[in-house]
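S.K.: sequence-free structure coming up:
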């Protein structure tokens, strides 16, 4: 596999950054890793917290609905952890194979899926905590508000910022 990128954006990157296609891939990979460093601590702490809950004394008091919500939430959190750590494993397995373009593209997609799963897990946690502490209506409101906030910040805001622009790669 080659690490060369399509011509779209290559001229701009060369003129503005004095950057070759391979250097751009290296920069994209470094940026992605930095973003993963930020999010991984949070998702790992969340997953660890969720995994300890069934061993708490009050967990047995949860009704069937909250138990299913717990299972869905912990499933999302574990899946998010898998998706957000996968780029490192991919890198190890394709190291020195000149597959940087493939690695950056696949890692980008895995990260997006991981972020969606993380948002779902955080919303599930908010729902569970508010439900246990203040009742089902408060739990539903907290879960919906959390989901609305992360959708607005993680999806809506970036999509609004992208309007009128186009990607520099195909």
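M.R.: That came in fine, so what should we check first? As the structure is a computational prediction, the values presented were derived from the model and not from experiment. Residues are numbered from 1 along each chain as shown.

S.K.: buried ones in whichever strand or helix holds residue 75?
M.R.: Applying DSSP states H and E as the criterion places residue 75 in helix 64-94. For helix 64-94, a neighbour-count test (16 or more other C-beta atoms under 10 Å) marks 66, 69-70, 73-74, 76-87, 90-91 as buried. Placement of C-beta: from N, CA and C, glycine included.

S.K.: Now do it: which elements does it pack against?
M.R.: Under the contact criterion of 3 or more C-beta pairs under 8 Å, 6 or more residues apart in numbering; DSSP states H and E, helix 64-94 touches helix 21-52, helix 100-134.

S.K.: could I get those helices as TSV with mean neighbour count, distance to residue 149 and mean pLDDT?
M.R.: Below are the helices and strands packed on helix 64-94 laid out as TSV (neighbours: other C-beta atoms under 10 Å; distance: least, C-beta to C-beta, whole Å; pLDDT from 0 to 100):
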stretch	mean neighbour count	distance to residue 149	mean pLDDT
helix 21-52	15	15	93
helix 100-134	19	9	96
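
S.K.: I'd like to know which of those helices is closest to residue 159.
M.R.: helix 100-134 (12.5 Å; C-beta to C-beta).

S.K.: how close does the spatially most central residue of the chain get to residue 55?
M.R.: Nearest to the mean C-alpha position of the chain, by C-alpha atoms, centre = their mean, lies residue 115 at 2.0 Å. Distance, residue 115 to residue 55, using C-beta to C-beta, to the nearest Å: 28 Å.

S.K.: And residue 157, by the same measure?
M.R.: 38 Å.

S.K.: who has more neighbours, the two?
M.R.: Taking other C-beta atoms under 10 Å, residue 157 and residue 55 do not tie; residue 157 has more neighbours (11 against 7).

S.K.: could you say which helix or strand contains that one?
M.R.: Here residue 157 is covered by helix 157-162, with elements defined by DSSP H and E.

S.K.: Just give me how far that helix sits from the chain centre.
M.R.: 17 Å (C-alpha atoms, centre = their mean, to the nearest Å).

S.K.: Likewise for stretch 98-107?
M.R.: 17 Å.

S.K.: repeat for stretch 116-136
M.R.: Worked out by C-alpha atoms, centre = their mean, stretch 116-136 lies 18 Å from the chain centre.

S.K.: Kindly indicate whether residue 166 is helix, strand or coil.
M.R.: coil (DSSP: H, G, I helix; E, B strand; the rest coil).

S.K.: burial count for it?
M.R.: Residue 166 has 7 nearby residues by other C-beta under 10 Å.
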